[in-house]
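1. what's the 3D shape of this:
(one chain, ligands or ions: 1)
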Amino acid sequence: MLFDGPPAELLRDHGAQLAGLGLLPADLQAGAAAARRARAAQREAGPLLEVKGLTFTYPGAVRPALADVSLSLQPGEWALLVGSNGSGKTTLSQLLMGLQPLPRGRLFWRGRDLFRTPVEQLAREIGYVFQQPEHQMVASSVWEECLFGVRAQLNLRAGQEIPRAERERAEALLLQAGLWDKREDSPYLLSGGEKRLLSVIAQFILPKSLYILDEPTAGTDYRGIQILLELCRQQAAAGAALLVITHDPQWMEEDADLCCQLEQGNMLVRRLGD
Ligand SMILES: Nc1ncnc2c1ncn2[C@@H]1O[C@H](COP(=O)(O)OP(=O)(O)OP(=O)(O)O)[C@@H](O)[C@H]1O
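-> Next up is the predicted model:
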């Protein structure tokens, strides 16, 4: 087997393979081991997110969109949320983000009623990527789009400099996503798959505890999916939990820990690899 090319590209394209062969530089290997230890320690601290017997009916609807749904997600756990059209996936993810009226006492974030958790804390700790990337785009260039959330979260005014750590992370993520050469273009000029990758990496710049990704592989080609998978693996290795809504679970089944199957509002949770 022969890999040739700049280190950043080799890491991006073959990182998982190199790690599997034990060929990553020592500092990166040590980093992965430390991340695993950190994830184990975090797990002992208890679930990050708990959904307990959640039933939700839209106003005027005759049957509930979600019926007695339960789920527990630990730090670093990767869950797939699957199910046919209209089964309740988006409803559940919107409830988790407080985008629908919240039933009290059914959702817990870090052991505390999600209803009582300040919205700013949820925004800081949970990253949500919408099904339609355009819905989240606001800036005039790919670079500014990437850093828009950082500016908001760090309370930076227009023209104020982005701290070096976040700038470097944005550069690394744009390189990894293959979008560096398009950093000055309008995000609206990107292809559908590129927009999707941009909206995902924009959430990854300031690390969060949970990422909810709604259909991240839809309309994305093989290379884009491989990039996305590697990006998700890196977040999970760093201790973040992932809840990925998908109609293409086959791409993530090897990496994911849980598969949550929704049908007509009823959910069955299966641990993968058991
Ligand atoms: N705003 C709304 N008002 C009333 N009913 C709604 C609303 N949004 C969704 N529903 C209904 O709730 C049910 C679940 O919809 P939801 O969008 O959560 O499904 P989904 O699993 O995300 O579907 P898809 O795979 O098509 O995105 C469906 O029967 C849908 O018609």
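2. show the contacting residues for the residue most central in space within the chain.
-> A centroid search over the chain (C-alpha atoms, centre = their mean) returns residue 211, at 3.2 Å, as the residue closest to the centre. Taking C-beta atoms under 8 Å, 6 or more residues apart in numbering, we find residue 211 in contact with 126, 127, 128, 129, 203, 204, 232, 235, 240, 241, 242, 243. From N, CA and C alone the C-beta is placed, and that goes for glycine too.
3. swap in residue 195?
-> So residue 195 contacts 133, 134, 137, 187 (C-beta under 8 Å, 6+ apart).
4. distance check, the last one against residue 137.
-> Relative to residue 137, residue 187 is positioned 5 Å away (C-beta to C-beta, to the nearest Å).
5. okay, and the common contacts of those two?
-> Common neighbours of residue 187 and residue 137 (C-beta under 8 Å, 6+ apart) are 145, 195, 198.
6. among those, name the ones in helices.
-> Among the shared contacts of residue 187 and residue 137, the residues falling in helices (DSSP state H) are 145, 195, 198.
7. turn these into CSV, including distance to the ligand and pLDDT.
-> Formatted as CSV, those follow (distance: C-beta to the nearest ligand atom, whole Å; pLDDT from 0 to 100):
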residue, distance to the ligand, pLDDT
145, 24, 93
195, 18, 94
198, 21, 95
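8. let's have the residues you listed in TSV, adding distance to residue 116.
-> Formatted as TSV, these follow (distance: C-beta to C-beta, whole Å):
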residue	distance to residue 116
145	33
195	35
198	34
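9. whichever residue of the stretch 151-274 of the chain sits closest to the ligand: how many residues sit nearby?
-> Nearest to the ligand, among the residues of the stretch 151-274 of the chain, is residue 262, at 6.3 Å (C-beta to the nearest ligand atom). Neighbours of residue 262 under the rule other C-beta atoms under 10 Å: 23.
10. what is the neighbour count of the closest residue to residue 79 other than its chain neighbours?
-> What sits nearest to residue 79 in space, not counting adjacent residues and going by C-beta to C-beta, 6 or more residues apart in numbering, is residue 258, at 4.1 Å. Residue 258 has 20 neighbours, counted by other C-beta under 10 Å.
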